[in-house]
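Participant: The following block contains a protein sequence and its predicted model.
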Amino acid sequence: MKINMKKLLCLFLISAIILSVCAACAENTGNSDLEALLNAITAAGFEHEISEITWDEDLLTGKAETIIVRSGEQEEHFTVYSYSSNSKAQADTKIVNESGHGFNYRDGRGVQVSWISYPHFFIQGRIIVFYVGNEAWVLDFLSNTLGEPFAGTGQVYSPPQASAFMDKPPAILLTADGEELIYSAAPNMWNGSIYDRTDLIRDMPFLRENSAVLETGAIIAVEVTDYEHRPDNIRIQKCFLDEDGDDIAEREEVLFRQTRELGVYRFDFPFEKAETSDVVFIGYRMFFYWDNEFSNEAEYAFVVLN
């Protein structure tokens, strides 16, 4: 039997093209690596839930989601960036510098970020996992599941230490989507003195009278205008209040992102309205801490109409 080599070659080329197209289609449908991670979380005995995020999604090019993981009473969060291909995920690893605090983008932009704890970046196929923290049970799980981090391997970004011995808490610039908001500040412990009061939102009704009106998704930003006197640590509480300023639901801890660029100390977080109409106001209590000999602490507060 005579074999037509031209036809055989054409059939071979067509088959190769079909196989490559099918492989590409398979690569772009779903994300088995994300599914494998979620299955591993369940297999490890942890509870988890997924929520979309609005403030970290522009760090990398993948689709960003927050994974909330619980082990007993402990709760931690990490961000997962999903990609349509392994190569796109690998390309984004080149954006992050070794320390996990710098991002060098392909358009020439550079960003330096001061995280609240240790940053860790992992990659597995079509996902990049980003965790800020130092909890052993989270790091053990991520390392066992995804391998060693490719960036941010335990290195902490340490800018120069803030000066101590201020006469009063430093001023801040509080904005929401660029519009300045009204706030109040007062010391809790300052240079050896302790101030006895409940909280600023209850003690100062004018905060409720001058509450801001924001939409869900608005970015609330805080900048310490006196960079030399920036705090060493920050904690933020979200309060759900009735018309008299009384709590009607359990307070929540707020996740936020810190950035440091050219001597600017800034952090931000997204606003989200409460789903129930019983909540009239949403109050934010921001606690600033300084690691000086007096362990100074101050409270900053503001209110948003729900």
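Facilitator: Sure, I can see it. The structure presented is a predicted model; accordingly, all values stated were derived computationally and were not measured. Numbers count the residues shown, from 1 in each chain.
Participant: wait, isn't residue 258 in contact with residue 113?
Facilitator: Yes: with contact defined as C-beta atoms under 8 Å, residue 258 reaches residue 113; the gap is 7.1 Å. Yep, even glycine has a C-beta here, placed from its N, CA and C like the rest.
Participant: so what's the backbone phi/psi at residue 252?
Facilitator: With angles defined as degrees, to the nearest 10, residue 252 sits at phi -120, psi 150.
Participant: Following element in sequence after the helix or strand of the chain with the lowest mean pLDDT, please.
Facilitator: When the helices and strands of the chain are scored by mean pLDDT, DSSP states H and E, helix 5-27 comes last with a mean of 44. Once helix 5-27 ends, the next helix or strand along the chain (criterion: DSSP states H and E) is helix 32-43.
Participant: ok now that following helix, how far from the chain's centre?
Facilitator: Counting by C-alpha atoms, centre = their mean, to the nearest Å, helix 32-43 is centred 21 Å from the centre of its parent chain.
Participant: buried ones in that helix?
Facilitator: 33, 34, 37, 40, 41 (16 or more other C-beta atoms under 10 Å).
Participant: For the protein, which residues score under the pLDDT cut-off?
Facilitator: 1-30, 53-57, 114, 116, 153-165, 196-198, 203, 260-263, 292-294 (pLDDT under 70).
Participant: Which residue ranges of it form helices?
Facilitator: 5-27, 32-43, 86-93, 136-146, 200-203, 206-209 (DSSP state H).
Participant: Who are the packing partners of the second one?
Facilitator: I take that to be helix 32-43. Packed against helix 32-43 by the contact rule (3 or more C-beta pairs under 8 Å, 6 or more residues apart in numbering; DSSP states H and E) you find strand 47-52, strand 63-71, strand 74-82, strand 119-124, strand 127-132, helix 136-146.
Participant: Residues in contact with that helix: which ones?
Facilitator: By C-beta atoms under 8 Å, 6 or more residues apart in numbering, the surrounding residues in contact with helix 32-43 are 48, 50, 67, 69, 80, 82, 124-127, 129, 141, 145-146.
Participant: So how do I select the buried members of the residues you listed in PyMOL?
Facilitator: To isolate the buried members of these in PyMOL, using 16+ other C-beta under 10 Å:
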select buried, resi 67+69+80+82+124+125+126+127+129+141+145+146
